[in-house]
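1. I'd like to go over a predicted model; first the sequence, then the structure.
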Number of protein chains: 2
Amino acid sequence: MEKKNGYKTDIQIAQETQLIPIKELVENDLDVKQDEVDLYGKYKAKLSLHILDRLNEKKDGQIILVTSINPTAAGEGKSTVTVGLAQALNKLNKKAIVAMREPSLGPTMGLKGGATGGGYSQVLPMEDINLHFTGDIHAITSANNALASFIDNHIHQGNECRIDPRRITWRRVLDLNDRSLRNVTIGLGGPTNGVPREEHFDITVASEIMAILCLASNLRDLRKRLSQIVVGFTFGNEPVTVAHLGYEGALTLILKEALKPNLVQTIEHTPAIIHGGPFANIAHGCNSLIATKMAAKLGDYVVTEAGFGADLGAEKFLNIKSRIGKITPSAVVIVATVRALKMHGGLNKKELKNENIQALKEGIPNLQKQIETIQSFGLPYVVAINKFLMDTDSEISTLLDWCYEEKHPAVLCEVWEHGGQGGVRLAEKVLETIDQSQNQFHYLYKEEDTIKQKIFTISSEVYGATSVQYTSKALKQIIEYEKFGWGELPVCIAKTQYSLTDEPTILGKPENFSITIRELKISKGAGFIVALAGNIMTMPGLPSKPAALNMNVTEEGYAVGLF
Amino acid sequence: MEKKNGYKTDIQIAQETQLIPIKELVENDLDVKQDEVDLYGKYKAKLSLHILDRLNEKKDGQIILVTSINPTAAGEGKSTVTVGLAQALNKLNKKAIVAMREPSLGPTMGLKGGATGGGYSQVLPMEDINLHFTGDIHAITSANNALASFIDNHIHQGNECRIDPRRITWRRVLDLNDRSLRNVTIGLGGPTNGVPREEHFDITVASEIMAILCLASNLRDLRKRLSQIVVGFTFGNEPVTVAHLGYEGALTLILKEALKPNLVQTIEHTPAIIHGGPFANIAHGCNSLIATKMAAKLGDYVVTEAGFGADLGAEKFLNIKSRIGKITPSAVVIVATVRALKMHGGLNKKELKNENIQALKEGIPNLQKQIETIQSFGLPYVVAINKFLMDTDSEISTLLDWCYEEKHPAVLCEVWEHGGQGGVRLAEKVLETIDQSQNQFHYLYKEEDTIKQKIFTISSEVYGATSVQYTSKALKQIIEYEKFGWGELPVCIAKTQYSLTDEPTILGKPENFSITIRELKISKGAGFIVALAGNIMTMPGLPSKPAALNMNVTEEGYAVGLF
């Protein structure tokens, strides 16, 4: 988030906020009974899954999905707008609830320093949320690595399932940025120390278990999905699942508390449910389905966020999460900033501080393409222009004028600086749009389409590609996957978030390009096929001066160095 | 814990117990203010460190240390006696508090299935305590591995501190039993993926950070100890510390909540503080100093446990923890069982079910040696004979008669079967012993003794060895360590827990043996030198049929398969 002289930092604003004890917030604002809440400290709670059963007959609230243009190094503030919009709806006396992802510790220690919104639109307590929160990600790390130890132990103890150690696809994870663990060899040191093989560590949020937790509808469904995880292949190249090994019960046990969504509040005391946080490339990139559904039972409006830009996050929210969870958003908010559009128009980060109408105009087609994607799903939408302090009036009116000319509903919002009050016009426009537009939501592809058809549909309609190329490995995998009966699963394309193409440096709205599918990966438990377009980093590294160098704790126990 | 037909399992007893909400327990039983408690669900809480400041002037309660003979495969039930004794003190209207270690997830998934006492002397909620509890061990895993990633990143980014990758002593950890990670190579895959080197994973409870957390007196002391961790050596063979790298603040931040002790209750609602759980061989093996001190401020009697037998756990409690924390136990309870003594007398596990007075008599010298060790510290003690269902009357009277003849205070206790009521006679005897005995507590060695003198003192006076042998590596390290100024630290001998010797198969009370010190390891942050006598397993493996295979969750969310 942007900081300027004279403005407070996010952590300053956060630490100055007087929070309401979460117990009071539950009692006053939510239809939740006392025995359906487990407090985790004074300002965090887990909500019982019984709430979904008890309110089963209640009409769901309206879901507002927040997405954005392709992200750039300038920052778009999508989380900030998500929080700010919910706060603004509250100001209009609407019962709104935020549903968001939980941040990962690795990037916090590396570059980001935190991921809980910014300015006067944050979820709190940001210190706890950015560190261990209620332990969900730790539980996923434990379950993921317990499964890995069970697999290696199975081989070590005689390999009854005939798992080919060269074909194990299950990887260990840590919730850290640790490049040294990307490629390792394990099981060294002789026969009492396991079977030697190649291994790779990912960051925890890249674990299929994170995706599963975010798509499961209850404990039973969680166990079923865990049992279906494909951990690798036999010497005969047949898939081996968790059910073959017999550990789905233990994994469910490790995850039983993590499946319960977490309740916190925003700076303005709007309830916020923060739960799960899968990648938006190799996974579907949104908070848990249970969190979204519970928010819809407890609020009249749910403001929720999808990862990265609309080409990745929103596409997956709409084609995967909505399909599995049978949910229909009432409207989509597309966040754009002058700064980021200027980068799409060709500027580098250092050139952003000067007004540049030409670059802005050249970047606008990126916004246009993302709007078209939302239109192709048949959904009402509003463009939210997230104001940064250095945006000039001419830049903002250039962008707004373009929206008006093209008949796109658009509003300037100032939720970073002014909290909910800075988003009231956006909230009004969203409500008006829901009210006045036709919702003709439909998926872009059918389950029974072939894998290639699904990939082509997404590539052409969402990315704007003219064709799809496949490596011979990918072609071979498509044949195998259809043979294994996986052909009817939705496809989750793993592509760079920075570009509509599979090449991160091509910004704006590229034309006449092809998407190359390198390789497939089965996420049978989560319920989708991952198609890899380009190299996706699933274990980040640390920079030369990690954010951790500036972190500390005061004598009173307060965090220092989270942004 | 032992189970028999017609008897309930531990988890059955646990799940049938009606717990008191921990908030009520705090309000009714403890001198703790509302803002000094953070609830973690209804039956767990973290206690603020402010309590220690507020009650600084209050007289400390009496500390009763529970230890045992050398453990055997028969099980001694030391945790069960610890819990049962505290419950029994409560029955005598004494304000007693349990202070215990938190269990590790790895062994739970492997063989043990749980480690929270047994029968009617358990700490609850056992499901939570045995799984993630309040996340302390996860925080330690995160801090340990964040430090590892910082070290490898430091080298990758130019290695300003000139760390020799061959001499890194800091190891990664996971809270799992995973033999395949004992010996690995990391940093493979070319220059963008780190610097290749050999690495080893330990189980989290073996991390020096666990030992540090358990010996720190407050946040400031925690940061100081973290800063002093030696992570390896330079190309010039000089020690490199966390302070050299600059990450003590970030590590403290990651651990700030984990430093707060956890409050739960026993089956009979006795308050129990469960916090920290370091190994009793490579570390000092007892719950955190903060937990012990807080229990002593909140109760008139603290019943606390040391790991393994008196030769390892109690020796380290008394020579290391008591020295660092300036605490003096009022009495020691030495747990023995007929079954375990019969194993020390030469029987194997299958032969235990038949009465065998001769084997029992031949095993008693092991108890005798452990009693002598406690006597050498000048401490009052009571022998607790923990009754197992199959013990015969003649066996029990043989053991009691020996104690009476040798003038050792001794009591039979039945806390597994009868809870606190089964320990009332033990409690009475402990109170009487505290009342009537002279406490002449002293450490066995002085800080200014040389490293070799300290090792010889422990080996001869505690283990009964006649001499100490050193490998040439160990001799070289002793010279180096004294050069680095580490010579005045206490020594923590890492030895098998099964034998008084360094050879696990030699049970009973061996005579005329030598201890061999293979290697030294510096735990500068924790504040001791580890001297390794024999091979110590710091990363367990899974058995061919792990306990995890029988674990599950019911539809209502209850755990199945924890013992």
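-> Done, it's in.
2. Quick check: residues of the stretch 1-150 of chain A near chain B?
-> A:38-42, A:46, A:49, A:105, A:109, A:128, A:131-132, A:135, A:138-139, A:141-142, A:145-146, A:148-150 (C-beta under 8 Å from any C-beta of the partner chain). All C-beta atoms are positioned from the backbone trio N, CA, C, and that covers glycine.
3. These in helices, which ones?
-> Those of the residues of the stretch 1-150 of chain A next to chain B mapping onto helices are A:Leu105, A:Asp128, A:His138, A:Ala139, A:Thr141, A:Ser142, A:Asn145, A:Ala146, A:Ala148, A:Ser149, A:Phe150, per DSSP state H.
4. Just the buried residues of the residues of the stretch 1-150 of chain A next to chain B.
-> Buried subset of the residues of the stretch 1-150 of chain A next to chain B (neighbour count, 16 or more other C-beta atoms under 10 Å in any protein chain shown): A:38-42, A:46, A:49, A:105, A:109, A:128, A:131-132, A:135, A:138-139, A:141-142, A:145-146, A:148-150.
5. gap between A:Gln438 and chain B?
-> Plainly put, A:Gln438 is 41 Å away from chain B if you go by C-beta to the nearest C-beta, to the nearest Å.
6. burial count for that residue?
-> Using other C-beta atoms under 10 Å in any protein chain shown, A:Gln438 has 8 neighbouring residues.
7. who's in contact with it?
-> If you count contacts by C-beta atoms under 8 Å, 6 or more residues apart in numbering or on different chains, A:Gln438 has them with A:Pro380.
8. Go again with 10 Å.
-> Contacts for A:Gln438 (C-beta atoms under 10 Å, 6 or more residues apart in numbering or on different chains) come out as A:Gly378, A:Leu379, A:Pro380.
9. Let's see which of those residues end up in strands.
-> Among the contacts of A:Gln438, no member is found in strands (DSSP state E).
10. Let me know the closest of these to chain B.
-> Of all the contacts of A:Gln438, the one with the least separation from chain B (C-beta to the nearest C-beta) is A:Leu379, at 36.0 Å.
11. Quick check: residues of the stretch 251-400 of chain A near chain B?
-> A:Leu251, A:Thr252, A:Leu253, A:Ile254, A:Leu255, A:Lys256, A:Glu257, A:Ala258, A:Leu259, A:Lys260 (C-beta under 10 Å from any C-beta of the partner chain).
12. helices or strands next to the helix or strand where A:Pro365 lies in the packing?
-> Taking DSSP states H and E as the criterion, A:Pro365 maps to helix A:357-376. Contact here means 3 or more C-beta pairs under 10 Å, 6 or more residues apart in numbering or on different chains; DSSP states H and E; on that basis helix A:357-376 packs against strand A:62-68, helix A:315-316, strand A:331-336, helix A:338-344, strand A:381-386, helix A:393-405.
13. Can you list the buried residues in it?
-> Buried residues in helix A:357-376, counting neighbours by 16+ other C-beta under 10 Å, are found at A:357, A:359-371, A:373-374.
14. Which of those sits closest to chain B?
-> The nearest member of the buried residues of helix A:357-376 to chain B, counting by C-beta to the nearest C-beta, is A:Asn366 at 28.7 Å.
15. any idea how far A:Gln421 is from chain B?
-> Using C-beta to the nearest C-beta, A:Gln421 is found at 32 Å from chain B.
16. residues touching that residue, list them.
-> Each residue near A:Gln421 by C-beta under 10 Å, 6+ apart is listed here: A:Gly84, A:Gln87, A:Ala88, A:Lys91, A:Tyr120, A:Glu268, A:Glu414, A:Val415.
17. Mind picking the two most distant members of these?
-> Largest separation among these by C-beta to C-beta: A:Glu268 and A:Glu414, giving 14.3 Å.
18. So between these two, which is more surrounded?
-> Ranked by neighbour count (other C-beta under 10 Å), A:Glu268 and A:Glu414 place A:Glu414 first, with 22 against 19.
19. For the residue nearest in space to the middle of chain A, give me the pLDDT.
-> Centroid check for chain A by C-alpha atoms, centre = their mean gives A:Gly285 as the closest residue, at 3.0 Å. Looking at A:Gly285, its pLDDT reads 94.
20. What about it? Give its phi and psi, please.
-> Here is the backbone geometry of A:Gly285 (degrees, to the nearest 10): phi 70, psi 30.
21. What does the closest residue to it other than its chain neighbours show for phi and psi?
-> What sits nearest to A:Gly285 in space, not counting adjacent residues and going by C-beta to C-beta, 6 or more residues apart in numbering or on different chains, is A:Gly307, at 3.0 Å. Phi and psi for A:Gly307, reported as degrees, to the nearest 10, are phi -70, psi 160.
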